[in-house]
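Trainee: The following comprises the amino acid sequence and a computationally predicted model.
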Amino acid sequence: MLRILSVSIFLVAGTASSFIFADSFTSSKNGGKLKSIITMTVNTPTCAIQPHNQHIDFKRITTSELLNESRNLTTTISFECGTTPAGISLEVTPVGGNNVVSGQPGVIDSTLTGAGFKLRWGKSSAVGAENQAVEYNTPLTLPAARISNINLVITPVAIKGISTTSGPSQTQVNLTINYS
């Protein structure tokens, strides 16, 4: 901004000085050249998502907890903008070869054979109904708001019809928010 202002002052001073110090014109004293500088600014919504990365660690769970889907952890992803954006959508996508499990809504498989994770919408989430299974690979509309909280309930589960082996289980999802 200062650079533009300095250039503007220089141009105006240079133009004005030719009229101030001139004592004769080769053409008309009524003619000349004037310049107006217009600087335009637009402020599109600046948004941030917090946290950028999360690690949800269930530590050790029992086979019974896995089979009964009795261990839950919750997380909140906050989407905040300086102004209210329009056209906000969210897409939840499994990453790294993990797949949506057919016949078990909200469940994606993991690195452990026979185990996966179920994601459901949490209480007061900006998208989805409470306890409803997350839909993967589908753009979901968020209401136009300056601040949105996306609340998730995550549950380790056994995948039906597959024997579960012992060991660590991991999976990953990306939450992608598009806005204008």
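Mentor: Looks like it came in fine.

Trainee: From here on, just use CA atoms for contacts and neighbour counts.
Mentor: Noted.

Trainee: Of all the residues in stretch 94-110, which ones are buried?
Mentor: Neighbour-count burial for stretch 94-110, counted by 16 or more other Cα atoms under 10 Å, picks out Pro94, Asn98, Asn99, Val100, Val101, Pro105, Gly106, Val107, Ile108, Asp109, Ser110.

Trainee: Distance-wise, check the third one relative to Ala115.
Mentor: This points to Asn99. 12 Å (Cα to Cα, to the nearest Å).

Trainee: The fourth one now?
Mentor: When Cα to Cα is the yardstick, Val100 and Ala115 sit 12 Å from each other.

Trainee: How about the second one?
Mentor: For Asn98, the distance to Ala115 equals 11 Å [Cα to Cα].

Trainee: Overlap of the contact sets of those two?
Mentor: Asp109 (Cα atoms under 8 Å, 6 or more residues apart in numbering).

Trainee: hmm, back to that, mutual contacts of Asn99 and Ala115, please.
Mentor: Common neighbours of Asn99 and Ala115 (Cα under 8 Å, 6+ apart) are Asp109.

Trainee: Strands of this structure, start to end?
Mentor: 47-50, 73-81, 89-94, 107-109, 115-121, 140-141, 147-158, 173-178 (DSSP state E).

Trainee: Which other helices and strands does the fifth one contact?
Mentor: Under the contact criterion of 3 or more Cα pairs under 8 Å, 6 or more residues apart in numbering; DSSP states H and E, strand 115-121 touches strand 107-109, strand 147-158.

Trainee: I am finished for the moment; much appreciated.
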